[in-house]
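K.L.:
Got a predicted model here, sequence first, then my questions.
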Amino acid sequence: MGPLDLLEQPTNKIEEKSVPGTEGMNSFRRQSYGCPCPPGGTHRYFFKAYALDTKLALNPNSKKKDVEKAMQGHILAQGELIGIYKRKQQDPSTHEKSHLTT
């Protein structure tokens, strides 16, 4: 069986706004997604997706290195998206006006 045969196999449906599986520890030291929020300038964000041949048994305190180690030998396919994000510069005149009271 090749990787393309896996595309035709039925999979479980992941419901919207659900979190199937276990969320590990992120770089914010939290167990949830943190959206891009650079302090300034342009930043790159790397989003990686993996198709595995097994469900990993990891605890919620797992870090990136733990996940990568557990995935070894189980990766069927993988992809990466690099996003570039920069905060909009706020117009100082707009900012001042928003704090005026009458």
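P.N.:
Sure, I can see it.
K.L.:
Give me the below-cutoff pLDDT ranges for the protein.
P.N.:
Counting by pLDDT under 70, the chain contains low-confidence ranges at 1-12, 90-102.
K.L.:
Would you map the strands across it?
P.N.:
42-52, 75-86 (DSSP state E).
K.L.:
and the closest residue to L58 other than its chain neighbours, what does it touch?
P.N.:
Leaving aside its sequence neighbours, L58 sits nearest to T22 (Cβ to Cβ, 6 or more residues apart in numbering; 5.5 Å). Every residue, glycine included, has its C-beta placed from N, CA and C. By Cβ atoms under 8 Å, 6 or more residues apart in numbering, the residues touching T22 are L56, L58, N59, P60, S62.
K.L.:
could you list every residue that touches the third one?
P.N.:
Contacts of N59 were listed using Cβ under 8 Å, 6+ apart, and they are T22.
K.L.:
Kindly report the same for the last one.
P.N.:
Under the criterion of Cβ under 8 Å, 6+ apart, the contact partners of S62 comprise T22, G24, M25, A70.
K.L.:
All good on my end, thank you.
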